[in-house]
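**Q** build me a structure from this.
(2 chains)
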Amino acid sequence: MFDALVTRARVKSPWVLHFDCGSCNGCDIETLACLTPMYDIERFGMINVGNPKHADVLLVTGTVNHRNKKVLQALYEEMPDPKVVIAIGACGLSGGVFRDAYNVVGGVDRVIPVDVYVPGCPARPEAIIDGVVAALGKLRQKAVPTAAGAGGNGRFHPRMKATGSS
Amino acid sequence: MARTVIPFGPQHPVLPEPIHLKLVVEDEIVQEAIPALGYVHRGLEMLAQKRDFHQMVQVVERICGICSMIHSLCYCQGIEEMMGIEVPRRARLLRTLWSELHRSHSHLLWLGLFADSFGFESLFMQLWRIRERILDLNEATAGNRVIVSVNVIGGVRAEISEEQQRWILGEMAGFERDMNRIRSTLLEDYTVKSRTVGKGVLTREMAYELGAAGPVLRGSGIAQDMRQLGYAAYGDLDFEPVVEAAGDAYARCKVRFGEVMQSIRLVRQILGELAKETDPALAAKVKGRPEGEVVCRVEQPRGECLYYLKGSGKPQLDRVRVRTPTFANVPPLLAMLPGVELADVPVLVLSIDPCISCTER
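**A** Predicted structure coming up:
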């Protein structure tokens, strides 16, 4: 019962961490615009946080390069389970117009598992909100423990299996 | 006293972009700041050797999403100068119009983030609410909110109809009313003044010697604005650079506020000129391939932006070199930081309006 309550609270009020991973700022300012009165994602209970340890949802904008890929990995690993990752914009999906540049590794999914892809160059705030709402469905799936003790797609941290579900 | 090194960034709530500063502090007072860059480096300048010079317009636009229009404007002007293309006057006026819209939305974005950096969240929300007006104008006239993609080599690809021009005038009146309403909060509020007045002072001499650009330079009392070169249609318009003498974070905030108001006046002037312009041509024909080298300068919201282009008669350019205003403003920032309290670091870092994706490309 406690699990159900926690899951419900998580999905009802997800905390969002935004990381700019080599984007041109276009998607970043659209992500920030989601917080402001015109789009106002706080009405869905979402709060933008600065600390990965508080976050349930990771919004990543932009391509991954050889330097920030470690930062991205570290942020992902610092986030507690269950967590979902949303890649925003053409660059986050595949590298976009920059895919041929020498310092570009490619999309976000080259480094960390991505649950939801939001296309657009830059992605519109409506599309980002839609992506977050789709991610919440995944978060619910991941949060509900299956018989095996692992989450929906088995992307839990290995230690989670030993101690059972959260 | 113990010296401590505090890492600031690359992921920090106040920064939308990754920049890393190692702050050496003694008792909460910053002694030294060591920057580390490279988190956003993609290697766009090399792409010039893979894409042809028409395709590069889309790439340089994405150097920075905030001032994208002005990047492509500078690139197109450089290529046009190299190839000797005469751009129709209507296209030059439209380019000026969009670059002023970009300037005002960039400054509003900055003013909002600046308010957020000292915790004035409601002011941040209000400024971004006003900014949506400009984004609506961008979307209606060019089809996208942020990256408008209107420039092509030889002119522009979109026209603003007379009905849209009337609507823009109406929106500008509403925009000006909103800005006047927020002026007293932004510039006279105790909270804002106590966090910005006298913080991060950059004297006139320091600004000149360290090579500051844009509002940082003008906030220190030097009236230098690349728009006075008269590129695009700025030569036909009547304006003076906005200058403040104090050189602190508050002065830089005042300069940017003044430039938003200046942009409104410029948009009105441009619309007046557009109504008088009879030639409907939007773009000149482009024949041949670029050959030679050229240096082109424009004024971005953050300051002077310089493009060096070199072509040798191939579809691909040999070299594209971009020098962006934030690159010029990093040394002044490092000179400002020693001696300030740790809590003021976010305010000062934002006061130069850092655009890391421009700087690192």
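
**Q** up against chain B, what does chain A have?
**A** Contact residues, chain A versus chain B (Cβ under 8 Å from any Cβ of the partner chain): A:18-30, A:32-33, A:36-38, A:48-50, A:52, A:62-63, A:65, A:67-68, A:71, A:75, A:96-98, A:100-104, A:121-122, A:124. (Each C-beta comes from the backbone N, C-alpha and C, glycine too.)

**Q** which residues of the stretch 1-150 of chain B score low on pLDDT?
**A** For the stretch 1-150 of chain B, applying pLDDT under 70 flags the ranges B:1, B:13-14, B:16.

**Q** write out the residues of it neighbouring chain A.
**A** Residues of the stretch 1-150 of chain B lying close to chain A (Cβ under 8 Å from any Cβ) are B:10-14, B:16-18, B:38-44, B:46-47, B:50-51, B:58-59, B:62-66, B:68, B:109, B:112, B:124-126, B:128-129, B:132, B:135, B:144-147.

**Q** one more time with 7 Å, if that's ok
**A** Residues of the stretch 1-150 of chain B lying close to chain A by Cβ under 7 Å from any Cβ of the partner chain are B:10-13, B:16-18, B:38-44, B:46-47, B:50, B:58-59, B:62-66, B:109, B:125, B:128-129, B:132, B:145-147.

**Q** ok, now how distant is the spatially most distant residue from the centre of chain A from residue A:8?
**A** Distance from the C-alpha centroid of chain A peaks at residue A:1, with 26.8 Å (Cα atoms, centre = their mean). Between residue A:1 and residue A:8 the computed distance is 11 Å (Cβ to Cβ, to the nearest Å).

**Q** cool, and residue B:317?
**A** The gap separating residue B:317 from residue A:8 is 57 Å, by Cβ to Cβ.

**Q** compare the two (neighbour count), which wins?
**A** Using other Cβ atoms under 10 Å in any protein chain shown, the more surrounded residue of residue B:317 and residue A:8 is residue B:317, with 25 against 12.

**Q** quick check, pLDDT for the more buried one.
**A** For residue B:317, the pLDDT comes out at 86.

**Q** what's the local residue count around residue B:174?
**A** 11.

**Q** show me what contacts the closest residue to it other than its chain neighbours?
**A** In space, and not counting its chain neighbours, residue B:174 is closest to residue B:133: 6.7 Å by Cβ to Cβ, 6 or more residues apart in numbering or on different chains. Residues near residue B:133 by Cβ atoms under 7 Å, 6 or more residues apart in numbering or on different chains: B:171, B:174, B:175.

**Q** ok, residue A:19 to residue B:341 distance?
**A** Separation of residue A:19 from residue B:341 (Cβ to Cβ) stands at 27 Å.

**Q** outside of the strand or helix carrying residue A:75, which residues touch it?
**A** Using DSSP states H and E, residue A:75 falls within helix A:68-78. For helix A:68-78, the surrounding residues in contact (Cβ under 7 Å, 6+ apart) are A:19, A:21-22, A:52-53, A:58, A:60, A:64, A:85, A:105, A:111-112, B:10-11, B:18, B:39.

**Q** strands paired with the helix or strand that it is followed by, and their directions?
**A** Moving toward the C-terminus from helix A:68-78, the next helix or strand (DSSP H and E) is strand A:84-88. Strand A:84-88 has its sheet partners listed here by DSSP bridges as strand A:57-61 (parallel), strand A:116-118 (parallel).

**Q** quick one: the helices in the chain?
**A** I went with chain A, as the question did not name one. Along chain A, the segments classed as helices by DSSP state H run A:2-12, A:26-33, A:68-78, A:89-94, A:125-143, A:158-163.

**Q** oops, I was thinking of chain B
**A** B:44-47, B:56-61, B:68-83, B:89-117, B:121-142, B:162-188, B:190-196, B:204-209, B:215-218, B:249-276, B:325-336, B:345-351, B:356-360.

**Q** quick one: contacts for the residue nearest in space to the middle of chain B?
**A** By Cα atoms, centre = their mean, chain B has its centre lying nearest to residue B:301, at 2.4 Å. For residue B:301, the contact set (Cβ under 7 Å, 6+ apart) comprises B:67, B:103, B:106, B:107.
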